[in-house]
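1. sharing a model that was predicted from the sequence below.
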Amino acid sequence: VLIWWLTGRTLRPVEKMRREMAEITGTNLGRRVAEPATGDEIDRLSHTMNETLDRLEGAIRRQQRFVADASHELRTPLTRIRGELELDLAHGEPVDPAATERSVLDETLNLQQLVDDLLQLARIDDGPLVEPTSGPVDLDDVVLREARRIRERGRVNVDLRGVSAAQTIGDAQQLARATRNLLDNAERHA
């Protein structure tokens, strides 16, 4: 009886931690188990549990951010493809079938690049990241190409008088994507 009582008393903090761990869910990720600060095995166990919970919470937050970013990034090219197709359908006949096909092909290539980028982001924890290609980029060419695409849709007037030659070092595809997103948002909210 004495051994049973002593074992129960010794393991009481472990049972308390077990109950606390069982109550932690995805909705209360910030919750932690109490650390008794006794310097013994129970204290070290609770500290290790809390460190594990910190890492788990960080991983879940990163995953939530990734899903939100992926949804936002995928929505833009899909909206452009849908807009092109709806515009052609609204006229009964495609206004310019070749232009629509080029635009949809461009957006499909953008989607493919975006999916590749998202897969690379998903692999961040698996090892070293491959650096994006970096080189000279004519920003005016990027802006003019994306502005031409917006102009062709005919929903807003695009004034390009302020665009002048500008060059930087960077990833041309990433800069084009950023420019495209900015212009699409400007078109949507102009």
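-> Received the coordinates, thanks.
2. and the most centrally placed residue in the chain, what element?
-> Nearest to the mean C-alpha position of the chain, counting by Cα atoms, centre = their mean, stands Asp69 at 2.5 Å. Assigned by DSSP states H and E, Asp69 belongs to helix 41-90.
3. tell me the helix or strand right after that helix.
-> Helices and strands here follow DSSP H and E; after helix 41-90, the next one along the chain is helix 97-122.
4. pull out the buried residues from that following helix.
-> 100, 103-104, 106-107, 110-111, 114, 117-118 (16 or more other Cβ atoms under 10 Å). The way it works is simple: take the backbone N, C-alpha and C, and place the C-beta from them, glycine included.
5. what pLDDT is listed against Pro94?
-> Per-residue pLDDT puts Pro94 at 66.
6. Ala37 reaches Asp43, doesn't it?
-> Yes - with contact defined as Cβ atoms under 8 Å, Ala37 reaches Asp43; the gap is 6.2 Å.
7. which of those two has more neighbours?
-> Taking neighbours as other Cβ atoms under 10 Å, Ala37 and Asp43 compare with Asp43 leading, 14 against 9.
8. tell me the contacts of the more buried one?
-> Shown in contact with Asp43 (Cβ atoms under 8 Å, 6 or more residues apart in numbering): 35-37.
9. now tabulate the residues you listed in TSV and tack on pLDDT.
-> Formatted as TSV, the contacts of Asp43 follow (pLDDT from 0 to 100):
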residue	pLDDT
Glu35	86
Pro36	83
Ala37	82
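10. can you list the buried residues in whichever strand or helix holds Asn185?
-> If you go by DSSP H and E, Asn185 is part of helix 172-189. Neighbour counts over helix 172-189 (16+ other Cβ under 10 Å) mark 172-173, 175-177, 179-180, 183-184, 187 as buried.
11. which stretches of this protein have low pLDDT?
-> Counting by pLDDT under 70, the chain contains low-confidence ranges at 94, 124-132.
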